[in-house]
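>>> Give me coordinates for this.
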Amino acid sequence: MDSRVKDINSWLQDGSPKADIMVLCGMGGIGKTTIARYVFNLNFNRFDRSSFLANIRESFEKPDGLISLQRQLLADISRRKKIEIFSVDDGINKIKLSMSDKRVLLVFDDVDQKEQLQAILGMQNWFVGSSKVIITTRHVRLLRANDSKYEIHNVDKLDSNESLELFSRHAFGHNRPNEPFVQLSKNVVRRCEGLPLALEILGSSLYGRSIDLWQSAVEKLEAIPNNQILRKLKISYDSLEDDHDRNLFLDVACFFVGEDKDHMVTILDECEVHTRIGVQNLTDRCLLRVDGYNKIMMHQMLRDMGREIIRKESPKDPGRRSRLWHHKDSFSVLKNNSVRKWNSCVCIDFNDLHYPNLLFIYLHSILQAKVELEIEGLALDMHMLKRDKTVFCINRTRPGGFGFFSWPVANSTCNNFDEMDLKADAFPRMCKLRLLHINYLHLTGDFKGFPKEIKWLRWHGCPLEYIPSDFPLESLVAIDMSYSNLKTGWCGTKSLECLKIVDLGNCQGLTSTPDFSILPILERLILKKCSRLIEVHASIGNLENSLLYLNLEDCISLSKLPREIGELKVPHTLIISGCSTLAEFPIEIERLQALQVFHADRIAMGTIHPTTLVDTSWHAFIRMRTWVSKPRKTPELSWASLPCSLVNLSLAGCNLFDDAFPSELGNLLSLQNLNLSWNPISCVPTCIKGLTRLQRLNLEHCPRLQSVTGIRVLEHINLYNCTALQKYESQTPSCNIVECNNLVEMTLCFELIPIDDTRVAFVKYQLEPMNNIEMITYHSTTKTARKGPIQVLFEGCGLLSTFYPGSQVPAWFSTKIRGSSLSFTVPSSPHTITGGICMCLVCFVYSMKEQDEEEFYAILSNETKDLKLIYGPTCDGHPKPNEDMSWVSYWMLENEKLEAGDELTIFLLSTKAVEVREIGFHLMDLDVREEADGVEVNQPANPSSDPYPENFVRRSGSTRLFGQGTIRNTVKDLLKDVGVTWDPCQAEFQFCSLPASHAHWSVGDQNLELVIDMFSSR
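Predicted structure coming up:
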């Protein structure tokens, strides 16, 4: 909880002279009220008066609800039990008067109406300076409707570890699940998706139950969500203003989670759903969100709530529900629909009236066959059905049945799924059907009776070679026939006036595209991975005013693009990645002045160099990548023809060398995202350094890239697995250098210098002989371990470190102790009297129980000045099993000089896998060295059980962090274990390493030569 309320506590304690308001936003059950209550209880005593008004929404629904809230608020502020309020206006006047001279803390919980928020904001002028107001709401749009200034805090869901801990507290009474229940607990936690409400309710409901009951409860949860959770979540659904938004929510919950937002909007707008404003309304209510990839996302519990609303429309008969998303229900309804249609044609001999039950069954079947179903959307995936062998199917030989009659039998098992075909006439009674998913389903018969109002058809794995002429396409807005057996598009020449999206991806038999002249408003055409496609119909030029998106990725048989593609006036995206047999690009591509996204990955555009000019590793690399597996004619592309409107350009794996790199890319002045990964370049091309709008540069997997220099500050640079990279020079705040195992220099961050280098000869001189010694160095920023000679690490914050195999502190260190902690008092000397000591050395001798990505931090705590100096090295040495490693670090303390009488404590903060054997400390000044030889070392009372002194744990003064630019979660946990709570608003942090930290840099004018000179001169 502390980490989740850190920012709120800081805001409450910031001492601002004005009255401030903070709004906590989030979906129902996410913990807004819990957090508000927690910070209220922590801070109410800092204010003159305080009040927590819970359940504002429910109170407003009651008679005189507003007056009741006013009475409670006034009672809290005035501290009187009996309060007389005769009207709302009377309450306002009395509240205003009571607040006029007091600093107050107010919490208004569950605000959901504009009038409620305006009433609260209107009180802002009544408050004395430094008063604070917290509002919780699940209705984000309320905030946009007001111009008042307030802090907004979005409450996030719990991560997996936090979720398991919270669930375990309620299910077992402690922080971890009992051993037999671990996997079941994880299954429940996974389903709750970090929602505290669900974790608490489900954990409490399972407390003390046997493992058999747990298993049964988990299985039930998969089918029917917990009703108590649903009631809480349904509040947001019920608060939606109209049926349009409610229907949109149900459509998303059943069919569109994970779908592209623009794709969904295109489809549902044709269903008269008013999708764009609806999506915004649902987002405002925290019922869905749109992720960074423009995908519609919804919390799993909200999705389950929407589906449960549909299930309750007809719990026993799925055919009477408005939407069917579960493959079992869908298959059952379609099978039964076919049976009922067949039964409605039987002949009845009314002379057989002595069988009244049989007559009733016949008549009931006929009437059922004539009733139109209310189904608007249906999803059936036969692959999912095959995974779940328990299905609703037809038992043609049911014992005890009527010989000529077929009956649906629930929970029977169908082993031969290949025979589970359905007739196309299973759909006629679904006249309201508009959304249909029937993946990998075999439909037999004609389609004359197929529903004609379908807007979206997704039929992956369709067995047909073409779409028959009697298939009703007239109302379709989007058709997705991916992974199908189609060889051509569809028969007939009738214009399809509504069709805007066509996806024929992965149709391996497709050799040519349909004639686009019958698709006058087509906007998105997806032909991805149609490996036999050899031609794009020239009629694509007819789509000049409609086609926005064209995807031809991995159409490996496509040798040319039609010149008519240049007639398109509004295309936004063109993808030809992997079209490895393209011989040329039409020059007309330069006429696509609306084009913003162009992907041409894995097309060998660069000249393949002779073997003598290509290093062995790169030659092996291009043999591995099939698109440049052998010399051949490369496609002719006039780089100057690329339209200047491009914002996103991807040329990954295009065999672009340094001397053949297209300088014309420097003319793309609108470019913001550039992908040059998997290319054999050795440095960043000069031409792209002048792209002033460039924000993101991807150079991952460039195995010959040796340096990145001269790049201005971008949003992000990706250098993942650039194994030859040695030097990185950029102040870009976000950079991925993982697996760059040869990186030795990051400007303003760190540099690795071989110990034999004359610049650091003083280090080698001061330590033991180290000739021809190799060791394993782990690089925390690149996540790589490398075997090599001993090196000296220079950190941008003015620190030097070296790691080397060794089992004892150097003999010339003035102070040392066997154990895990060292206490020391700075003696008096001319230097401590005149200005203090600014340099010292610290040495740790340690071993590792496990060879893993261990983290450790040297901590020098000045107890006298209540100051903690923390140094996490960018690189560290990993000792061999049963051997020791020594770490000597040189500290420059310009701003934290040591003075006579300062009490210091030094120890290593690490995981349990690191065992400290000896610690050494040495003051750099010569005069101090002589006087420090006789200093008495204070041994901890019990270093094995309590390596961290109590006076350090209890202090909370300023803190300085050196070395790695971010405090990782592991070290936060370590600090928490020794009683140190990190509060960035109260502690002084000095981030001096990775630019990815987004933190303040304090390197200034210091550089390697200056620091080396200062150390070596002593």
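>>> What segments of the stretch 651-800 of the chain are helices?
761-766 (DSSP state H, counting those that start in this stretch).
>>> low-scoring stretches of it, by residue?
748, 758, 762, 765, 768-769, 771, 796-798 (pLDDT under 70).
>>> what do you get if the cut-off is 80, keeping everything else the same?
Filtered on pLDDT under 80, the stretch 651-800 of the chain yields the residue ranges 660, 733, 747-749, 756-772, 796-798.
>>> residue ranges of the strands in the stretch 701-850 of the chain, please?
707-708, 716-718, 727-728, 735-736, 745-746, 750-754, 774-779, 784-789, 791-795, 799-805, 815-818, 821-825, 839-848 (DSSP state E, counting those that start in this stretch).
>>> just for the stretch 151-300 of the chain, where's the confidence low?
151, 221-225.
>>> May I have the phi/psi pair for the nearest residue to residue 29 once chain neighbours are set aside?
Nearest non-adjacent residue to residue 29, counting by C-beta to C-beta, 6 or more residues apart in numbering: residue 197, 2.9 Å away. C-beta here means a position set from N, CA and C on the backbone, and glycine is covered the same way. Per-residue torsions, residue 197: phi -60, psi -50 (degrees, to the nearest 10).
>>> ok, now the one 4 residues further on?
For residue 201, the backbone dihedrals (degrees, to the nearest 10) come out as phi -70, psi -50.
>>> That one: neighbour count?
The burial count assigned to residue 201 is 19, neighbours taken as other C-beta atoms under 10 Å.
>>> The one 3 residues further on now?
Using other C-beta under 10 Å, residue 204 is surrounded by 14 other residues.
>>> For residue 54, grab the count of nearby residues.
By other C-beta under 10 Å, neighbour count at residue 54 equals 16.
>>> scratch that, residue 96 is what I was asking about
Neighbours of residue 96 (other C-beta under 10 Å): 12.
>>> give the contact list for it.
For residue 96, the contacting residues are 123, 126, by C-beta atoms under 8 Å, 6 or more residues apart in numbering.
>>> that's a helix at it, yeah?
Yes - with DSSP: H, G, I helix; E, B strand; the rest coil as the criterion, residue 96 is located in a helix.
>>> from memory the residue nearest to residue 29 sits against residue 27, does it?
No - Residue 197 sits out of contact with residue 27 when judged by C-beta atoms under 8 Å, with a separation of 9.5 Å.
>>> Tell me the backbone dihedrals of residue 655, please.
Torsion angles, degrees, to the nearest 10, at residue 655: phi 60, psi 40.
>>> what's the spacing between the residue nearest to residue 29 and residue 382?
36 Å (C-beta to C-beta, to the nearest Å).
>>> Ok, which of the strands of the stretch 701-850 of the chain comes nearest residue 219?
Closest approach to residue 219 among the strands of the stretch 701-850 of the chain (C-beta to C-beta): strand 735-736, 41.8 Å.
>>> how distant is the closest one from the center of its chain?
17 Å (C-alpha atoms, centre = their mean, to the nearest Å).
>>> Quick one: list the elements packing against it.
strand 716-718 (3 or more C-beta pairs under 8 Å, 6 or more residues apart in numbering; DSSP states H and E).
>>> Quick check: buried residues in the strand it packs on?
Within strand 716-718, the residues that count as buried by 16 or more other C-beta atoms under 10 Å are 717-718.
>>> what helices or strands is that strand leaning on?
By 3+ C-beta pairs under 8 Å, 6+ apart, strand 716-718 packs against strand 696-698, strand 735-736.
>>> Pick the most deeply packed of those.
Across the helices and strands packed on strand 716-718, averaging neighbours per residue (mean count of other C-beta atoms under 10 Å) puts strand 735-736 on top, at a mean of 22.
>>> What strands line up against that strand, and which way round?
Within its sheet, and counting by DSSP bridges, strand 735-736 is paired with strand 716-718 (parallel).
>>> Tell me which residues are up against the partner strand.
Against strand 716-718 from outside (C-beta under 8 Å, 6+ apart): 677, 695-700, 708, 711, 730, 732, 734-736.
>>> of these, closest to residue 76?
Closest to residue 76, out of all of the contacts of strand 716-718 and judged by C-beta to C-beta, is residue 734, at 46.4 Å.
>>> so that closest one makes contact with residue 697?
No - counting by C-beta under 8 Å, residue 734 stays clear of residue 697, with 11.0 Å between them.
>>> And the strands in the stretch 351-500 of the chain?
377-381, 390-395, 407-413, 422-423, 435-439, 443-444, 456-458, 478-480.
>>> wait, the stretch 151-300 of the chain
Using DSSP E, counting those that start in this stretch, strands in the stretch 151-300 of the chain cover 151-154, 289-290, 296-297.
>>> Can you add mean neighbour count and distance to residue 557 and give these back as TSV?
Listed next are those as TSV, based on neighbours: other C-beta atoms under 10 Å; distance: least, C-beta to C-beta, whole Å:
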stretch	mean neighbour count	distance to residue 557
strand 151-154	14	49
strand 289-290	14	36
strand 296-297	18	34
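>>> Could you say which one of those strands comes nearest to residue 255?
strand 296-297 (10.1 Å).
>>> Quick one: list the elements packing against that closest one.
Packing partners of strand 296-297 (3+ C-beta pairs under 8 Å, 6+ apart): strand 289-290.
>>> how much space is there between residue 219 and residue 199?
Counting by C-beta to C-beta - residue 219 and residue 199 are separated by 19 Å.
>>> Of the two, give the one with the bigger neighbour count.
Neighbours were counted for residue 219 and for residue 199 using other C-beta under 10 Å; residue 199 has more, 29 against 10.
>>> Please name the residues that touch that one.
158, 163, 166-167, 170, 189, 192.
>>> same thing but 7 Å
By C-beta atoms under 7 Å, 6 or more residues apart in numbering, the contact list for residue 199 reads 163, 166-167, 189, 192.
>>> would a markdown table of the strands of the stretch 151-300 of the chain with distance to residue 593 be doable?
Listed next are those as a markdown table, based on distance: least, C-beta to C-beta, whole Å:
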| stretch | distance to residue 593 |
| --- | --- |
| strand 151-154 | 39 |
| strand 289-290 | 28 |
| strand 296-297 | 31 |
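>>> now the helices and strands packed on strand 716-718 in TSV, with distance to residue 87?
Below are the helices and strands packed on strand 716-718 laid out as TSV (distance: least, C-beta to C-beta, whole Å):
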stretch	distance to residue 87
strand 696-698	60
strand 735-736	63
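>>> Indicate which one of the ones you listed is closest to residue 38.
strand 735-736 (36.1 Å).
>>> pretty sure residue 329 contacts residue 318?
Yes - with contact defined as C-beta atoms under 7 Å, residue 329 reaches residue 318; the gap is 3.9 Å.
>>> Quick check on those two: which one has the bigger neighbour count.
residue 318 (24 against 21).
>>> what's the burial count for residue 527?
23.
>>> remind me which residues of the stretch 451-600 of the chain are low pLDDT?
Looking at the stretch 451-600 of the chain by pLDDT under 80, you get 489-494, 584-588.
>>> what does the stretch 851-1000 of the chain give?
851-856, 893-895, 910-913, 924-1000.
>>> Now for the nearest residue to residue 443 once chain neighbours are set aside: which residues touch it?
What sits nearest to residue 443 in space, not counting adjacent residues and going by C-beta to C-beta, 6+ apart, is residue 424, at 4.6 Å. Residues in contact with residue 424, defined by C-beta under 7 Å, 6+ apart, are 443-447, 450.
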